[in-house]
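Undergrad: mind folding the following:
(2 chains)
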Number of protein chains: 2
Amino acid sequence: MGKGITSRSEDYSQWYNDLVIKADLAENSAVRGCMVIKPYGYGIWERMQAILDKRFKETGHTNAYFPLFIPKSFFSKEAAHVEGFATECAVVTHYRLKNDGSGNIVVDEDAKLEEELIVRPTSETIIWNTYKGWVESYRDLPILVNQWANVVRWEMRTRLFLRTAEFLWQEGHTAHATREEAVEESERMLDVYAEFAEKILAVPVIRGRKTENERFAGALDTYCIEALMQDGKALQAGTSHFLGQNFAKAFDVKFTSKEGKQEHVWATSWGVSTRLMGALIMAHSDDQGLVLPPKLAPIQVVIVPIYKTDEEKAKIDSFVDELIREFKQKDISYKYDDRDTQRPGFKFAEWELKGVPLRIAVGARDLQNGTVELARRDTQTKETVAQEGLAVIIENTLDIIQENIYQKALQYRDSHITEVDSYEAFKDVLENKGGFISCHWDGTVETEKRVKEETKATIRCIPLDAQQEDGVCIFTGKPSTQRVLFAKAY
Amino acid sequence: MGKGITSRSEDYSQWYNDLVIKADLAENSAVRGCMVIKPYGYGIWERMQAILDKRFKETGHTNAYFPLFIPKSFFSKEAAHVEGFATECAVVTHYRLKNDGSGNIVVDEDAKLEEELIVRPTSETIIWNTYKGWVESYRDLPILVNQWANVVRWEMRTRLFLRTAEFLWQEGHTAHATREEAVEESERMLDVYAEFAEKILAVPVIRGRKTENERFAGALDTYCIEALMQDGKALQAGTSHFLGQNFAKAFDVKFTSKEGKQEHVWATSWGVSTRLMGALIMAHSDDQGLVLPPKLAPIQVVIVPIYKTDEEKAKIDSFVDELIREFKQKDISYKYDDRDTQRPGFKFAEWELKGVPLRIAVGARDLQNGTVELARRDTQTKETVAQEGLAVIIENTLDIIQENIYQKALQYRDSHITEVDSYEAFKDVLENKGGFISCHWDGTVETEKRVKEETKATIRCIPLDAQQEDGVCIFTGKPSTQRVLFAKAY
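TA: Residues are numbered from 1 along each chain as shown, chains lettered A, B, ... in the order given. Modelled structure (predicted):
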C-alpha cells in the first residue's frame, strides 16, 4: 500500500481522500467547501483544458468571458432555473468593509447593494442577457462561445474535486436559428466529451439522455456521459443541454429570419468541470496510488539514477542527457530525479504514488550491460531493456499503457452492466454487485423518485443506443418500451 | 475615421471607448463595473496568457488554484493590506435564496454566513494561510506558484479593461528562505514583464520602484513597469512586490533553516491583468481603429477576394488554398474573408478597424499578372507584390511591422520624457505637453501628496537606472539625490 493510503477494500471513500491529499493533487482550504488545487493536480487539469480547448476551437467555438456576478433579478427570470439553483448560491450584499472604531474590521452597512448579486453557479442568465445585444438577424447566428471560469454552488456536503462549493469548469453557450441546429450542436458537444473521456482520460462512458427529473434546470433535454468508478458507483462526467427557446424567451432574444419573421433564438449549453479529476482518479488508481493515463500525466517518465560514487553518477548523467534529448524530440515529458537527499526506494514509492506511467532506473551495472530497468505503473511490472532504441520503446509503451488502462476500465464497466427484470433482482444487484442496472421503467417521475428513496439508485440515463424492446417496469409493472440505466452515483 | 469612432484629437477618452466597443473587444455588462470580454478581445488576451504562461514556466513556476473567497478574519490579518483593500471589496453574507411566499425570490435570512467572505481582490492572505501547511524546512523552499484568476475590486469609476470591478489576471506568489532570494525573484519577474511588454505588446516601458505612498498594501518594495499612452498619460502595466516577511508573520509561516533555526519565510507577489489590453489599445491604435502588433493579433493576415464571376472566384480560391497551406507551415494566422454578403470595401474597413496587421486583396487582374495587393495596417500603405514567394514576404513583413510599431511607440515615449528643475516648468509641461516629467523630489510622502492635489500628477516610479545626481526638490527646494518620474496616469 502507498504510504499512508487506506486500501480500497477497507474504505473506498477514505482511499480516495487519502490519495488526493498524498499525491499532492488538492486539499481543503480554510473556506468551507472550497479546495486548493495544488500544482501537481493543476498540471493535470491544465492538460485537460488544453486538449478540450483545442477540440472546442476545431468545432468552431471561440472563448469569451462574462461577469462573475449575476443580478438577482436576472437569475430569477427563468422559473425552472432559479428553482434549481436558488438554494445553493453565494450572495453578495455589500461592497465595503470598515473599521468599527475599536479596531475591528466589519461590514459597512452603508455600502449595501441596491440589488443583491449572485456568484454565478452557471451563466445562462447573464449570457443570454448579453446575447440580446448581439443578435438582430439570422446573419448574427450561430453564436458559438465557450467560457473557462470558476463557479460557486453552495453544496452542504463536499468532497475534493467531486463536489466543491467552488469549482473550475468550462461552459459553452450557443445560439442558433433553428431547433435542429441547436439539437445537433448539443449532440456534437456530447460526442466531443465522450471522445475526450475515452481517448484521453481512458474512461469508457455511456452516452445518454437524462430523465425529466434529472434534467438541467431550464433545459428541454440534457445529454450526458456516464462513467463507472471502481466501487461500482456511476459518475456523470459531462452534460450537454438543449435549452430550446427558454432562455431566449426569458431574456427576449429574437432574430429576423431569412423570411423576415421575428423568432426566438434556440440555445444549448454544455460543460465539464474539475469533477473530471475525480473521475480520472477513481477510475484507474489503486492502493499504491494514482494511475495516470500517459496523455494526461504531467510527467510521463521518471528517471532514477542508482549510484555509489560521483564517477558512476557522472556516467549516468551523460547517458540521461542523451536520452532527454530524444524525449524532447518526441515530446515525451520526463523528470530526472537525481535529488541527493532521498534514496531510490523513496523515489520509487513517491512516483508510484503520483502515478507516473513509466519509471526508468539506471545503475552502474546497467551502464556496463547497456540496459536499464523499465517499470510500468499500470501493470506494476518491470523488465530489463536495452539502452539502444530506448526512446522508441518508451514512446510505444506509453501508447500501450494508455490503451491498457482504457481496456481495463472498459472490462470492469462492461462486466458491471446487469440486466434485471424484477425489483428483487434490482435490489440484489445494487447491494451485492453495484454498477449499472439495465431495466424497464414506466417513464414516470414518481416511480423514479420512489426507487431513489428506497434504494438511493437514480436513473443515470436513457442510453442513446437503447433498443426498442417491450417490457414492464420493474417497480410498477406498467408497460415500457426501452431499458434505462440505474445506478448509485457520485 | 473608422465607422463611428470619435477621433483622438476630438476626445481621446471617447475614442478609446468607441474603439473597444466597435472593434468587438469588450462591452459593459448589466452588472455595474463588470465587463464582458468578447471573443475577439478574449482572443488577444488568450495570446497574452499563453506567452506569459510559457515564460513563467521557463522561469521555474507552476500554476495552482486557490479559493475565490477569503474569510474576513484572514483578510484583516495584515494591517496595511486590509487598509488598502477594505473599501473596495465585494462581501458574501448569505448562501441561499428563497421564495418569499408571494412569488418573489429573496435572500434567505436563515442562511447567513457565520463569518462573511470577501471575494478576493488579491490572494496573498488565503495563499499564505495555505503555505503555512506546505512549509516545514528549507527543503520545501522555494515555492514558485502562479495563479490565473478573476479578482474583484469594487471601483467606483470604471472603464473597460483599464479599471473594472472584476478583472482577469495572474498573480504569482513565491516563498523563499532568504531576503536576497526573494528580492532577486521580484526583480526577475519585473524583467519578464518588461520584456513581454516590449517584445510582444511592442510597448516600451520604464522599470522602476514605487514610492512608499504608491506601494502595494503590505509590500516592502513595489517594482513596476510604466508605459506611456498617446495622450501623454502614464499607465502602470505590471507590478512585482517584495513582501518581506509581512505575510509570513501574519500567517505564522516559519521554516527550519539548514542551521536548524526557525525563521519566517520571505515572500514576493507579482501580477499583470486585463489592463494590459487597455495599454495595448491606447499605445498603438489610431482614428481608423485598432493597430495590433503581429505577435498578439488573433488574425495576422486577412485575404479578401475581389471578383465578378463564379469562375473568377474559383480561380482565386485555388490560389488562396495554396497560400493558406504555406501560412499553416509558417504558423501565420489568417482569415479568408470570402463572405458573399459584404462588399470588399466593407471588409477592408472592418479589418482595418480590428487591427489586422496585413491585408491581401486579390482580383482577376492580379491572377493574370501573378500579383496581389498587400496593405499594411500600421503604415496604411499598399503595394503590389508578386505571388511568387508571397508567404516569405508576409512572414518578413510581420516582423517589420512588429518592430515598426514598437519603434513608433518608443519614439513617442522618448520625446515625452522632459527634465524640469522648477515647479513652474513642471506645471507647464504637464499642461501643454504631457508625458513623463523627470525632476527632483525631496523624498517625502507629504510633498508627493501635495503635488498630486495641485496637479493630479503622481510619482510613477523611481527609475531603476536613475543616476545619482544632486539637486533640489521642485516643490520644497529641499535637497535630493536623484530624479523621479512624475506623470498623470490611468
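
Undergrad: and stretch A:174-192, what's buried?
TA: Along stretch A:174-192, these residues count as buried under the neighbour rule (16 or more other CB atoms under 10 Å in any protein chain shown): A:174-177, A:181-183, A:185-187, A:189-190, A:192. For glycine as for every other residue, the C-beta is placed from the backbone atoms N, C-alpha and C.

Undergrad: ditto for stretch A:235-250
TA: Within stretch A:235-250, the residues scored as buried using 16+ other CB under 10 Å are A:235-248, A:250.

Undergrad: distance from stretch A:16-29 to the middle of the chain?
TA: Distance of stretch A:16-29 from its chain centroid, counting by CA atoms, centre = their mean, to the nearest Å, is 16 Å.

Undergrad: kindly report the same for stretch A:440-454.
TA: With CA atoms, centre = their mean, you get 27 Å for stretch A:440-454.

Undergrad: next: stretch A:83-95.
TA: Averaging C-alpha positions (CA atoms, centre = their mean) puts stretch A:83-95 24 Å from its chain's average.

Undergrad: quick check: mean pLDDT across that stretch?
TA: In this model, stretch A:83-95 has an average pLDDT of 94.

Undergrad: could you do stretch A:463-481 as well?
TA: In this model, stretch A:463-481 carries a mean pLDDT of 95.

Undergrad: and the contacts of that stretch?
TA: Here stretch A:463-481 makes contact (CB atoms under 8 Å, 6 or more residues apart in numbering or on different chains) with A:206-209, A:223, A:420-423, A:425-426, A:439-444, A:447, A:450-451, A:482-485.

Undergrad: tell me, what residue is most central in chain A?
TA: residue A:276 (1.6 Å; CA atoms, centre = their mean).

Undergrad: and the helix or strand containing that one, what does it pack against?
TA: Assessed by DSSP states H and E, residue A:276 sits inside helix A:275-284. When contacts are defined as 3 or more CB pairs under 8 Å, 6 or more residues apart in numbering or on different chains; DSSP states H and E, helix A:275-284 packs onto helix A:12-22, helix A:39-58, strand A:221-228, strand A:234-244, helix A:390-414.

Undergrad: in JSON lines, list these along with distance to chain B.
TA: What follows is the helices and strands packed on helix A:275-284, written out as JSON lines (distance: least, CB to the nearest CB, whole Å):
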{"stretch": "helix A:12-22", "distance to chain B": "11"}
{"stretch": "helix A:39-58", "distance to chain B": "4"}
{"stretch": "strand A:221-228", "distance to chain B": "23"}
{"stretch": "strand A:234-244", "distance to chain B": "20"}
{"stretch": "helix A:390-414", "distance to chain B": "22"}
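
Undergrad: out of the ones you listed, which gets nearest to residue B:300?
TA: Distance to residue B:300, taken as CB to CB, is lowest for helix A:39-58 among these, at 16.6 Å.

Undergrad: coming back round to it: relative to residue B:164, which of the buried residues of stretch A:235-250 is nearest.
TA: Residue B:164 lies nearest to residue A:247 out of these, by CB to CB, at 25.1 Å.

Undergrad: the closest one is in what secondary structure piece?
TA: helix A:246-250.

Undergrad: next secondary structure after that helix?
TA: By DSSP H and E, the next helix or strand past helix A:246-250 is strand A:254-256.

Undergrad: so for that following strand, what gets flagged as buried?
TA: For strand A:254-256, by 16+ other CB under 10 Å, it's A:254, A:255.

Undergrad: what about that strand and chain B, touching?
TA: No: Strand A:254-256 does not reach chain B (CB under 8 Å from any CB of the partner chain); its nearest approach is 14.1 Å.

Undergrad: centre of the chain to stretch A:274-293, how far?
TA: 11 Å.

Undergrad: okay, it in CSV with CA atoms only?
TA: In CSV, the C-alpha atoms belonging to stretch A:274-293 read as follows (Å, rounded to 0.1, in the frame of the first residue of the first chain):
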residue,chain,number,x,y,z
THR,A,274,-12.8,19.8,-12.3
ARG,A,275,-15.0,16.9,-11.3
LEU,A,276,-13.3,15.1,-14.2
MET,A,277,-10.3,14.9,-11.9
GLY,A,278,-12.3,12.8,-9.5
ALA,A,279,-13.4,10.5,-12.3
LEU,A,280,-9.9,10.1,-13.5
ILE,A,281,-8.6,9.3,-10.1
MET,A,282,-11.4,6.8,-9.2
ALA,A,283,-11.5,5.0,-12.5
HIS,A,284,-7.9,3.9,-12.6
SER,A,285,-5.9,4.3,-9.4
ASP,A,286,-5.0,1.5,-7.0
ASP,A,287,-3.9,1.0,-3.4
GLN,A,288,-0.3,2.1,-4.3
GLY,A,289,-1.6,5.5,-5.5
LEU,A,290,-2.5,7.3,-8.7
VAL,A,291,-2.5,5.6,-12.1
LEU,A,292,-2.5,8.3,-14.8
PRO,A,293,-3.1,7.7,-18.5
